[in-house]
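# build me a model from this:
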Amino acid sequence: MHPSAPEQPSRRSFLWLPLAMVGSSLLAKAGLAETTAPAPLAPVAPVAPALPSGACPLNSGGPSLLNTKWVLQSIYGNSVPAKLKITMKVNDSSLEGFTGCNRYNAAFRRVGYTGFRMTSIDKHQKACPVLPTHPGGPTINVGNWEGNYLRTIRRAGSVQQDDNGRVLRFFNRSGEMSVVFRRTYDAA
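Predicted structure coming up:
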């Protein structure tokens, strides 16, 4: 039997030694050698500030929009045909109206001071007509206008009143003007 020789450290051990020394030195300087990192904090959802009593969450800082009635003028700059009447009434947490062939209700929630986000849009399911403009002329596909209007309203994020509260402009969440309404005093 051979007497056992003392074990010699391998070359790899010598390579790890300087790395371990530098790492422990850095931890000690940072004061992290004996402590553990704190657990990350859970993100806190922003809470919208309280509104004054009777204020409309959809409001833009102009005259109150509660219970106001509007007629659609344009969608992304495309004028609504004169024969088509799309309406909207502003409630405290929803928009309701008529799309030319169906009644709709678009619920929203407030975001920040003057923003909002649609949470749901419900409408009746009646088939929409195609309206003639004049004999032999182009037609108006009411269903296409209804679909475009409801999709555009779903992406809305803020409004702005102009002309002493007689014009209401909706802006999508990218800040682009999307739909324009004219105030009316007819039934919505």
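# three-state assignment of Arg183?
The three-state label given to Arg183 by DSSP: H, G, I helix; E, B strand; the rest coil is strand.
# low-scoring stretches of this protein, by residue?
Residue ranges of the chain with pLDDT under 70: 1-57, 59-61, 186-188.
# where do the helices of this protein begin and end?
Applying DSSP state H to the chain gives helices spanning 11-30, 142-154.
# and the strands in this structure?
Remark: strands assigned in the chain by DSSP state E are 69-75, 78-79, 87-90, 94-98, 103-111, 115-123, 130-132, 139-141, 156-162, 167-172, 177-184.
# correct me, but Lys126 touches Asn102?
Yes: the pair formed by Lys126 and Asn102 meets the contact definition of Cβ atoms under 8 Å, at 5.3 Å. Glycine gets a C-beta too; all of them are placed from N, C-alpha and C.
# so these two - more neighbours on which side?
Neighbours per residue, other Cβ atoms under 10 Å: of Lys126 and Asn102, the larger number sits with Asn102, 18 against 11.
# residues contacting Gly62?
If you count contacts by Cβ atoms under 8 Å, 6 or more residues apart in numbering, Gly62 has them with Gln160, Gln161, Gly165.
# look up how far Arg169 lies from it.
Distance, Gly62 to Arg169, by Cβ to Cβ, to the nearest Å: 11 Å.
# ditto for Val142
From Val142 to Arg169 the distance is 23 Å (Cβ to Cβ).
# so these two - more neighbours on which side?
Each of Val142 and Arg169 has its neighbours counted (other Cβ under 10 Å); Val142 has more, 21 against 17.
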